[in-house]
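Q: mind folding the following:
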Amino acid sequence: MSETNRSYVLISPCRDESEYMTRTIESVVSQTVKPSLWVIVDDGSTDGSPEILADYAAQYSFIKVITRRNRGYRNVGPGVVDAFYCGYEEINPGAYQYLCKLDLDLELPPKYFETLIERMESNRRLGTCSGKPYNLIGGKYISERRGDEMSVGMTKFFRTKCFQQIGGFVREVMWDAIDCHKCRQLGWKARSWDHPDLNFLHLRVMGSSQHGVITGRQRHGYGQYFMGTGIVYMFATCLFRAVEYPLLAGGAAMFWGYLRAMFQRKRRYADAELIKQIREYQWHALFFGKRRARNHMEKKNLLSWNPEDTSIGSQHLLKNQQLKLDS
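A: Down below sits the predicted model:
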């Protein structure tokens, strides 16, 4: 597939998003480069979401809605990834140069996808990228302070070949960090940028969609444990996040979620080599900063980069599928 091909597919898991989805959909249909296909998976919504989606699907031929049965509750993390795959299984990934997992509680600037594609075209090693999320709090735009070394979970924009090579998303909390570390392990680059054409509005506070922010922070702590994060790096992360809303309590909840998982001897991601690389990155980040740590890992894994190797992805896909069966 030619690098000048700008076709991309969006896949949006959705459950009870009637409060926000209209703003997201309007910002997508107003993009300067529109998606070739947008698959929206209604994951058993009980609010007005189905009616809104049906109305937009009737207006725009590139919008396709898939409806799943109501499981009775919202399930962030693995539930979101399951809904994503419900949509992914309906497409031919090879027909698109890029794919994006897109949440329906965002408001994107009009050149968002055009700018991401331009940056992908200028750097062939870019495997996944995004803009930066902001919250509107008290009339002010507040950054969610996401690192430059990751693409953010609510708008995961992937080069399709990269997504296939890493075996897709892990069906567990922290899927949206594991994927970026896996990219680097295979020689790809992951990035996000703070730029007027890429900064977007996140219409709800990160981690608040299921049982509130504190529960979300505890869930994040468990996810860090699952991913293999070391306790020293986790403590430093919690200090960094302690100044965010909810002040102090959020960072403490994250650390408690991590410790509770450790005390309960919860399972960890069954990829020892990847966890080793994650720990190496984290120690470099603690001593030298995230940028130098990222550059170190990208240089170390340069020879692993082989974008045309289609055999790699099947190995990682089997691992991720086995994780689902074991859960």
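
Q: quick one: buried residues of stretch 26-42?
A: For stretch 26-42, the neighbour count (16 or more other C-beta atoms under 10 Å) marks 27-28, 31, 33, 35-42 as buried. C-beta: built from backbone N, CA, C; applies to glycine.

Q: quick check, L116 in contact with L198.
A: Yes. Contact criterion C-beta atoms under 8 Å: L116 and L198 qualify, at 7.2 Å.

Q: okay, and the common contacts of these two?
A: 130-131 (C-beta atoms under 8 Å, 6 or more residues apart in numbering).

Q: these two: which has the busier surroundings?
A: Taking neighbours as other C-beta atoms under 10 Å, L116 and L198 compare with L116 leading, 27 against 21.

Q: export the buried residues of stretch 26-42 to TSV and tack on distance to R69 and secondary structure?
A: Below are the buried residues of stretch 26-42 laid out as TSV (distance: C-beta to C-beta, whole Å; DSSP: H, G, I helix; E, B strand; the rest coil):
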residue	distance to R69	secondary structure
S27	29	helix
V28	26	helix
Q31	31	coil
V33	34	coil
P35	26	coil
S36	28	coil
L37	23	strand
W38	22	strand
V39	17	strand
I40	16	strand
V41	12	strand
D42	10	strand
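
Q: between all of the residues you listed, which two are separated the most?
A: Maximum pairwise distance in the buried residues of stretch 26-42, criterion C-beta to C-beta, is 25.4 Å, between V33 and D42.

Q: just the helices from the stretch 1-150 of the chain, written as ranges.
A: Along the stretch 1-150 of the chain, counting by DSSP state H, counting those that start in this stretch, helices occupy 21-29, 49-59, 78-88, 112-122.

Q: quick one: list the elements packing against the second one.
A: Under the contact definition 3 or more C-beta pairs under 8 Å, 6 or more residues apart in numbering; DSSP states H and E, helix 49-59 sits against helix 21-29, strand 37-43, strand 63-68.

Q: contacts for the last one?
A: It refers to strand 63-68. 25, 37-44, 50, 53-54, 56-57, 83, 86-87, 90.

Q: can you rerun that using 10 Å?
A: The contact list for strand 63-68 (C-beta atoms under 10 Å, 6 or more residues apart in numbering) reads 9-15, 25, 28-29, 35, 37-45, 49-50, 52-54, 56-57, 82-83, 86-87, 89-91.

Q: before we move on, what about the first one?
A: When contacts are taken as C-beta under 10 Å, 6+ apart, the neighbours of helix 21-29 outside the stretch itself are 10, 12, 14, 17, 34-35, 38, 40, 45, 47-49, 52-53, 55-56, 59-60, 62-63, 102-110, 112-113, 154, 200-201, 203.

Q: kind regards, and thank you for your time.
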